[in-house]
Each structure stands twice: as C-alpha cells, then as structure tokens.
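In: have a look; sequence and predicted model below, questions after that.
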Amino acid sequence: MRRLVFGMTVFAALAGCAGARYDIAADHAKYPISFSPALPLADGTNVYLNHQLEPVGAFEFERTQLGWVWSLVPSKPVEISDQINAEVAAKHGEGVVALSLTNKSCVSNYLFPFPILPFWPGCQVLTVRGTVVRLKVAAATATPAQAPTVATGAVQ
C-alpha cells in the first residue's frame, strides 16, 4: 500500500496538474503581423526582413495568466492589438514580423500538493516577441510612381 501511495505522490508531483489556458488575439491591430520574416505588399508579393524590410526595433509583451479548476474555467483572450499598435507607431514602423510566443509555468505550479487542488490557481507566463519593421528607403523609392505599401489586415 505504501508503494502505491508513494507512486501516486511521485506521479502527481511530476504531472503538474496546474496551468492556464488562454487564446491570443490581435483582432484590432492597425498593422500587419506575421509569424514569418515576411510581410505582404498591397499587390500580393512578399517583402522579407533584412532584404526589403529593415528592423526598427523589438516588440515584447508579457502577461501572467491564471487558470482555475485545472483550467476548466475559461479566461478572456489575451488581446495584444493595443500593444502592437503603440509599439509600431512609436518606432515609425509598418508592421511586425517573426512573432513568437513563449509559455512558461510559474513556480507555484510545482508546490505539491497544492496544484492538484481545484481551488489552487494554475499560472503561466506568456511572452510575445517580434521585430518591428518598415520598408527600406531603396525599396520604397525604387519606383516613385508606384511606391509599395505594406498590406493591412489580419495576422499572417
């Protein structure tokens, strides 16, 4: 019997029952966002980081999300539009490329036996990073009559 209790305790400690579940959205972003190193132009062609796009700064956003009842209670989506809009405008950019998402567990998720209790909040730290870019001057002025503009719209 002791072996069974010991085995279940070790399993529960290593399983990590706590956590958080959430969605990420940028539904109101005024600038294009891409997980790849490219953005589409208005004519449908793509421009690439360090070719036609030059980096003008970094974007970073971090938030700690809590989950209740083993993440069964839904949480509001994490909306990053305002942060992206502010950062791109401040850096005089035209979009964000190479967007990445990182999710890490908080230390409190490992304080056994609390994480197996439904009232103990699970915790995750979300980090969103990207590169704020704009068209290089040479690319934008190559054909002055038809200077390219980066397409606007949803996340690419």
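Out: Done, it's in. Residues are numbered from 1 along each chain as shown.

In: C-alpha only now, for contacts and for neighbours.
Out: Fine.

In: since we're on Leu126, how many residues are nearby?
Out: Close neighbours of Leu126, defined as other Cα atoms under 10 Å, add up to 18.

In: and what of the one 3 residues further on?
Out: In terms of burial, Arg129 registers 18 neighbours under the definition other Cα under 10 Å.

In: same question, Pro77
Out: 12.

In: make residue 1 into 578 and carry on from there
Out: Okay, using 578 as the starting number, the last item reads as Pro654.

In: doesn't Arg598 make contact with it?
Out: No: Pro654 is beyond contact range of Arg598, at 9.5 Å (criterion: Cα atoms under 8 Å).

In: between those two, which contacts overlap?
Out: Residues touching both Pro654 and Arg598 by Cα atoms under 8 Å, 6 or more residues apart in numbering: none at all.

In: quick one, helices of this protein?
Out: Taking DSSP state H as the criterion, the chain carries its helices at 579-592, 658-667, 714-718.

In: tell me the pLDDT of Thr641.
Out: What the model reports for Thr641 is a pLDDT of 85.

In: before we move on, what about Pro617?
Out: The predicted local confidence for Pro617 is 89.

In: and it, what are its bridge partners?
Out: Asn623 (DSSP bridges).

In: got it, and Arg706?
Out: Here Arg706, judged by DSSP bridges, has bridge partners Glu637, Ser677.

In: spit out the contact partners of it.
Out: 635-638, 675-678.

In: check Leu703 too.
Out: 639-642, 678-681.

In: one more time with 10 Å
Out: By Cα atoms under 10 Å, 6 or more residues apart in numbering, the contact list for Leu703 reads 599, 601, 638-642, 655, 678-682.

In: ok, so of those, who is nearest Val709?
Out: Comparing the contacts of Leu703 against Val709 with Cα to Cα places Phe638 closest, at 12.9 Å.

In: setting aside sequence neighbours, what's the nearest residue to that closest one?
Out: Val705 (5.1 Å; Cα to Cα, 6 or more residues apart in numbering).
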